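Chemist: how does the following fold in three dimensions:
(2 chains, ligands or ions: 1)
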Amino acid sequence: MAEVAGRTRGMGELIDVADKASDFAPFGRELAALARERDDIVGLTADMGRYSDILPFRDEYPDRFFNVGMAEQNLIAVAAGLAKTGKVAYCTTYSVFVTRRAYDFVAIACAHSQANVKIFAGMPGLMNGYGATHQATEDLNMMRGIADLTIIDPCDAVELRQVVRAVADIKGTVYVRLLRGNVPVELDASYRFVPGKAQVLRPGGTIGIISTGYMTGRALDAAKEVASRGVQVGVLHVPTIKPFDTAGVLDFVARYDRLIVAENHKTTGGLGTLVTEAMFDAGVLKPVERIGLADSFFECGSQEYLEARYGLDLPRFIRAIMG
Amino acid sequence: MMTASGVTTTDIDMLRLRAYDLRVAMLEMAAGKGEGYVAQGLGMADCLAALYFHEMHHDPANPDWDDRDRFLLSTGHYSIAMYAVLAEAGYLDRAEFPSYGLNGSRLPMSTFDDLPGLEIVGGSLGQGLGQAVGMALGLRLDGREARVFCEVSDGELQEGSTWEALMSGATFGCDNLVALFDCNGVQADGPVHVQLEPVLDKISAFGWSSIEINGNDMEALVRALEVSRVRDGKPKAIIMRTQPGSGVPTLEKRERAHFVRITDEEWQVMRDELEAGRPGATRG
Ligand SMILES: Cc1ncc(C[n+]2csc(CCOP(=O)(O)OP(=O)(O)O)c2C)c(N)n1
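Modeler: Sure, this is the predicted structure:
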């Protein structure tokens, strides 16, 4: 089929898979595997099963799967109820609809009771081509405001699969930014996700990049690219946004004179804010450049188009590094 | 022949032709894109033709006219139907059609209110009917005769907010409000599987004057809209059973109707099928 130039890729693929190894539907396939080992796992969606990769679980465990229809507040409430009968409730919809619409339900029905609800929120940040209605560009900021909530932003399929398992053992409510479809493989098989820990993926160098989620792949690409020009940068990946690994971040910060923070989110209220807050509180003042989104609503368009337009693409990283 | 309020069969034929033209426009916009929400749009063509070319008072030359009747498309991804009717009515230049869904276009896959003729931002589903209640109240406060028409999908009937708005509409006696429920039987994950029915009884029980029709039957649409004009202190609901892909048999049969995939070869087949079903009347 002919590709139309500039096609909005609303339901589409992550662009980074184009020239990388990838893993299809890692979330749903790992969840199905986990469910084989634990019969307390249940799955839910709000009419977003097909678009959130949970179907492999549904197909294997139809009796443990509940599609509540397009009703996000109810999704979270029903998940909380299941959790309160001893189940571990994995639920999916798009990030925007769980954060903006069901926020109070996440806070009260789930987090306040430390209910075992594991929210896998699809198309976080600027990934959806349908514009502001579908772009969860402030989800980290919002969710960070909820007490007793764990927030994880995995960077690739390797990490996401580990997160699917790890959250089952984290007591309470967890919000995970879900990568779906063909998800790129960025990390070595030897990588081990540790809840609450930031990890140095690339040591050394004179500039330090601190990144989370999908942007960590971009940071690694940028580091490779500039290395070929003789510039060395280190990369710290911060998959757990909350609780925040203040010590790990400050330790990394101490090794560099200049830092770049990158996230698929607004520059306010997310990782950039967390890093600069931690630095300020510790009395560490160093130049920090933030790669992320402005405080705005964003256009419709393909992922390539949006990332270039709003400054999340590789050239943006290279510019930040080269100064 | 005339209906009760003076609509002739010629008028009905003319409206059917308008609906046909909307369908042609939708295929033109979607052609070559490979995928999209064209099935829902085709299902809504008759309703939009009846509204914009028969029922509503509006002025394409003055989209912000204070006394206009408002149409709210709550289901933002039905945008293709909206662009078709806005162009047919004169709000929009057809020359923009090829940009539908492309980067930087004014015609994105889901609607925003910066395009003249669009009243609200759709897309985050379940936000339309409440805003329609608010507009109905505002128009009433200002003593205006204008009415508010709001499309709502069967998926949106699953959002609590829609039922909250239904309560408000009845509580505040919004008889200048007509909700048009597009019950096309599909949603993102497939056929509607949640217990929605009986929609008519439920909405009636919420205090709305309700009627259920075949939403692809022009005569039934026109009649239902006429009945909805009465100012009796109750909001009006028209439950439309619509056929996704209506007018294009290939699409009517498609199982995954929510977001159809269409091959390059199929477009011409679809155009031919549509043309084969063109209503016989000539434009008046
Ligand atoms: C609040 C909200 N939740 C979820 C979605 C994702 N979504 C987009 S279309 C859709 C299906 C809605 O059902 P309906 O409008 O009846 O779909 P259609 O007739 O177009 O198949 C869903 C769940 C959304 N846009 N908004």
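Chemist: any regions of the chain where pLDDT drops low?
Modeler: I went with chain A, as the question did not name one. Applying pLDDT under 70 to chain A flags residues A:1-13.
Chemist: should've been chain B
Modeler: Residue ranges of chain B with pLDDT under 70: B:1-5, B:281-284.
Chemist: flag every residue of chain B that's near the ligand.
Modeler: Neighbours of the ligand within chain B, by Cβ under 6 Å from any ligand atom: B:40, B:75, B:77, B:123-126, B:153-156, B:184, B:186-188, B:258. Heads up, the C-betas are built off the backbone N, CA and C, glycines and all.
Chemist: closest to residue A:286 out of those residues?
Modeler: residue B:124 (39.7 Å; Cβ to Cβ).
Chemist: of the residues of chain B next to the ligand - the most surrounded one?
Modeler: Note: the member of the residues of chain B next to the ligand with the most neighbours is residue B:153, at 30 neighbours, neighbours being other Cβ atoms under 10 Å in any protein chain shown.
Chemist: which residue, other than its chain neighbours, is closest to that residue?
Modeler: The shortest distance from residue B:153 to any non-neighbouring residue, by Cβ to Cβ, 6 or more residues apart in numbering or on different chains, is to residue B:75 (4.2 Å).
Chemist: ok, the residue in chain B that the ligand sits nearest to - contacts?
Modeler: Minimum separation of chain B from the ligand (Cβ to the nearest ligand atom) falls at residue B:155, amounting to 1.9 Å. Residues in contact with residue B:155 (Cβ atoms under 8 Å, 6 or more residues apart in numbering or on different chains) are A:47, A:69, A:70, B:75, B:125, B:187, B:188, B:192.
Chemist: hmm, back to that, tell me who's in contact with the residue nearest to residue B:153.
Modeler: Residue B:75 is in contact with B:40, B:122, B:125, B:128, B:151, B:152, B:153, B:155, B:156, B:182, counting by Cβ under 8 Å, 6+ apart.
Chemist: looking at those, which are in helices?
Modeler: Residues of those located in helices (DSSP state H): B:40, B:128.
Chemist: farthest pair in the contacts of residue B:75?
Modeler: Using Cβ to Cβ, the pair of the contacts of residue B:75 lying farthest apart is B:40 and B:128, separated by 14.7 Å.
Chemist: can you report phi and psi for the closest residue in space to residue A:263 that isn't next to it in sequence?
Modeler: Nearest residue to residue A:263, sequence neighbours excluded (Cβ to Cβ, 6+ apart): residue A:271, at 4.3 Å. Per-residue torsions, residue A:271: phi -60, psi -40 (degrees, to the nearest 10).
Chemist: cool, and residue B:228?
Modeler: Per-residue torsions, residue B:228: phi -70, psi 0 (degrees, to the nearest 10).
Chemist: spatially nearest residue to it (excluding sequence neighbours)?
Modeler: residue B:236 (3.9 Å).
Chemist: got the contact list for the one you found?
Modeler: By Cβ under 8 Å, 6+ apart, residue B:236 lies in contact with B:175, B:177, B:178, B:179, B:208, B:209, B:210, B:211, B:227, B:228.
Chemist: of those, which is the most crowded?
Modeler: Neighbour counts for the contacts of residue B:236 (other Cβ under 10 Å) peak at residue B:177, which has 31 neighbours.
Chemist: is it true that that one touches residue B:134?
Modeler: No. Contact status for residue B:177 versus residue B:134: not in contact, 10.1 Å apart, counting by Cβ atoms under 8 Å.
Chemist: pretty sure residue B:39 contacts residue B:244?
Modeler: Yes. Residue B:39 is in contact with residue B:244 according to Cβ under 8 Å; the separation is 3.9 Å.
Chemist: mind listing the shared neighbours of those two?
Modeler: B:186, B:251, B:254, B:257.
Chemist: dump the residues you listed to a markdown table, plus distance to residue A:247 and secondary structure.
Modeler: Below are the shared contacts of residue B:39 and residue B:244 laid out as a markdown table (distance: Cβ to Cβ, whole Å; DSSP: H, G, I helix; E, B strand; the rest coil):
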| residue | distance to residue A:247 | secondary structure |
| --- | --- | --- |
| B:186 | 51 | strand |
| B:251 | 58 | helix |
| B:254 | 56 | coil |
| B:257 | 53 | coil |
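Chemist: which residues of the chain fall in strands?
Modeler: Looking at chain A here, since you left the chain open. For chain A, the strands defined by DSSP state E occupy A:22-24, A:41-45, A:65-67, A:88-94, A:117-122, A:149-152, A:173-178, A:182-184, A:199-202, A:207-211, A:233-237, A:240-242, A:258-266, A:288-293.
Chemist: ah, I was thinking of chain B
Modeler: Remark: strands assigned in chain B by DSSP E are B:35-36, B:70-73, B:148-153, B:177-183, B:186-187, B:190-191, B:209-214, B:236-241, B:260-261.
Chemist: how about stretch A:49-59, does it reach the ligand?
Modeler: No. Applying Cβ under 6 Å from any ligand atom, one finds stretch A:49-59 out of contact with the ligand, separated by at least 7.6 Å.
Chemist: residues of that stretch that come out buried?
Modeler: Residues of stretch A:49-59 classed as buried by neighbour count (16 or more other Cβ atoms under 10 Å in any protein chain shown): A:49, A:50, A:51, A:52, A:53, A:54, A:55, A:56, A:57, A:58.
Chemist: and those near chain B, which?
Modeler: Of the residues in the buried residues of stretch A:49-59, proximity to chain B by Cβ under 8 Å from any Cβ of the partner chain holds for A:49, A:50, A:51.
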